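Participant: Here's my sequence, what's the structure:
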Amino acid sequence: MQNAEGTTVDLYIPRKCSATNRLIQAKDHGSVQINIAHVDANGTYTGAYTTVALCGFIRQSGAGDAALTRIWDEKQRTELKGQ
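Facilitator: Predicted coordinates:
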């Protein structure tokens, strides 16, 4: 919810799993949020990052590595199309 000035005033904003688009509930203690750093050609951190959230269901089923790789590959493909 936003107030008249456009500031978010909700106490809790749920996250969505990047792999399944499920809402990550507050009681899902197996979920993780990972920030992937962007680096330049020399391997220096540029100050930008991409956030990926994975729910506990994906991690428990053993598909976390594959999901993270798929999400990152899709992001790289869309960035290359834009150039």
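
Participant: CA atoms for contacts and neighbours, from now on please.
Facilitator: OK.

Participant: Centre of the chain to the longest strand anywhere in the chain, how far?
Facilitator: Assignment by DSSP state E gives strand 45-54 as the longest strand of the chain. Centroid separation between strand 45-54 and its chain, computed with CA atoms, centre = their mean, to the nearest Å, is 8 Å.

Participant: Show me what counts as buried in the helix or strand just after that strand.
Facilitator: With elements assigned by DSSP states H and E, the helix or strand that comes after strand 45-54 is helix 56-60. Burial within helix 56-60, assessed by neighbour count using 16 or more other CA atoms under 10 Å, is assigned to 56-58.

Participant: which neighbours does the longest strand of the chain have in its sheet, and in what orientation?
Facilitator: Paired neighbours of strand 45-54 in the sheet (DSSP bridges): strand 32-39 (antiparallel).

Participant: Can you give me the pLDDT of Ser10?
Facilitator: Just to correct that, residue 10 is Asp rather than Ser. pLDDT for Asp10: 78.

Participant: Sorry, slip of the keys, the one I care about is Gln83.
Facilitator: At Gln83, pLDDT is 64.

Participant: what angle do the longest helix along the chain and strand 45-54 make?
Facilitator: Using DSSP state H to define each element, the chain has its longest helix at helix 64-82. Interaxial angle of helix 64-82 relative to strand 45-54 (axes from the mean of the first three to the mean of the last three CA atoms, to 10 degrees): 130 degrees.

Participant: With only the CA atoms kept, save helix 64-82 in CSV.
Facilitator: Written as CSV, here are the backbone C-alpha positions of helix 64-82 (Å, rounded to 0.1, in the frame of the first residue of the first chain):
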residue,chain,number,x,y,z
GLY,A,64,18.1,-24.8,-6.6
ASP,A,65,21.4,-24.9,-8.6
ALA,A,66,19.6,-25.6,-11.9
ALA,A,67,17.0,-22.9,-11.2
LEU,A,68,19.7,-20.3,-10.4
THR,A,69,21.6,-21.2,-13.6
ARG,A,70,18.4,-21.0,-15.7
ILE,A,71,17.4,-17.6,-14.2
TRP,A,72,20.9,-16.2,-14.8
ASP,A,73,21.1,-17.5,-18.4
GLU,A,74,17.7,-16.0,-19.2
LYS,A,75,18.8,-12.7,-17.8
GLN,A,76,22.0,-12.7,-19.9
ARG,A,77,20.0,-13.6,-23.0
THR,A,78,17.6,-10.7,-22.5
GLU,A,79,20.4,-8.3,-21.9
LEU,A,80,22.2,-9.4,-25.1
LYS,A,81,19.0,-8.9,-27.1
GLY,A,82,18.8,-5.3,-25.8
